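J.: Here is a sequence together with a model predicted from it:
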Amino acid sequence: MDYYDLVKKAMKAKENAYAPYSGFRVGACVKTQDGRIYTGCNIENSSFGATICAERTAIVKAISEGETKISAIAITSDSDGLTYPCGICRQVISEFRSDNTKIICSNKKGEYKIYEINDILPHAFTKEDMG
Ligand code: THU
């Protein structure tokens, strides 16, 4: 898989971020198991709890178009350091994981590291836990 291509697409999606409250722009790019690409940005709201992260924007776009599994997701921001998904986004990524979903965490220069969902969300809560 061309991980850097996903990072570049996430960087482009970041340009559409609506972040007037935090000033922190985030972009994400999902590749589904079927090989399709969906991008997203963070979209804030004056009612702060209505804010949605870039990762979930991209995932919601994919799932609502009929996709079921995520092979990889790239995340980026304007930070010097790598940007990692928040806890809620890790849980949502986990819900739509494939066998080996990759999380590509990038910085503003496009430098990145690759993780697996199990690395960043060990012992995830899943439907199996509901007995
Ligand atoms: N944000 C994301 O888009 N993804 C993350 O994983 C972390 C946080 C956004 C939400 C909010 O708009 C801003 O970054 C500051 O928290």
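T.: Received it, and whenever you're ready, just let me know what you need.
J.: now the residue positioned nearest the centre of the chain: how far from F125?
T.: Computing the C-alpha centroid of the chain and ranking residues by Cα atoms, centre = their mean puts E55 first, at 2.9 Å. Separation of E55 from F125 (Cβ to Cβ, to the nearest Å) stands at 18 Å. Just so you know, the C-beta spots here come from the backbone N, C-alpha and C atoms, and that holds for glycine as well.
J.: and if you look at I59?
T.: For I59, the distance to F125 equals 17 Å [Cβ to Cβ].
J.: Could you check which of those two is surrounded by more residues?
T.: A side-by-side neighbour count of I59 and F125, using other Cβ atoms under 10 Å, places I59 first with 24 against 11.
J.: For the helix or strand encompassing that one, which helices and strands make contact with it?
T.: For I59, the enclosing helix or strand under DSSP states H and E is helix 54-64. With contacts taken as 3 or more Cβ pairs under 8 Å, 6 or more residues apart in numbering; DSSP states H and E, helix 54-64 sits against helix 3-14, strand 26-32, strand 37-41, strand 70-77, helix 87-95.
J.: of all the ones you listed, which lies closest to the ligand?
T.: Nearest to the ligand among these is strand 26-32 (3.4 Å), distances taken as Cβ to the nearest ligand atom.
J.: Give the pairing partners of the closest one; include direction for each.
T.: Strand 26-32 pairs in its sheet with strand 37-41 (antiparallel), strand 70-77 (antiparallel), by DSSP bridges.
J.: how about low-confidence regions in the chain?
T.: The model of the chain has no residue with pLDDT under 70.
J.: Give me the longest strand you can find in it.
T.: For the chain, the strand that runs over the most residues, judged by DSSP state E, is strand 97-106.
J.: got the angle for that strand vs helix 54-64?
T.: If you take axes from the mean of the first three to the mean of the last three Cα atoms, to 10 degrees, strand 97-106 sits at 150 degrees to helix 54-64.
J.: and strand 97-106, what does it pack onto?
T.: Secondary-structure packing of strand 97-106 (3+ Cβ pairs under 8 Å, 6+ apart): helix 3-14, strand 70-77, strand 112-116, helix 117-120.
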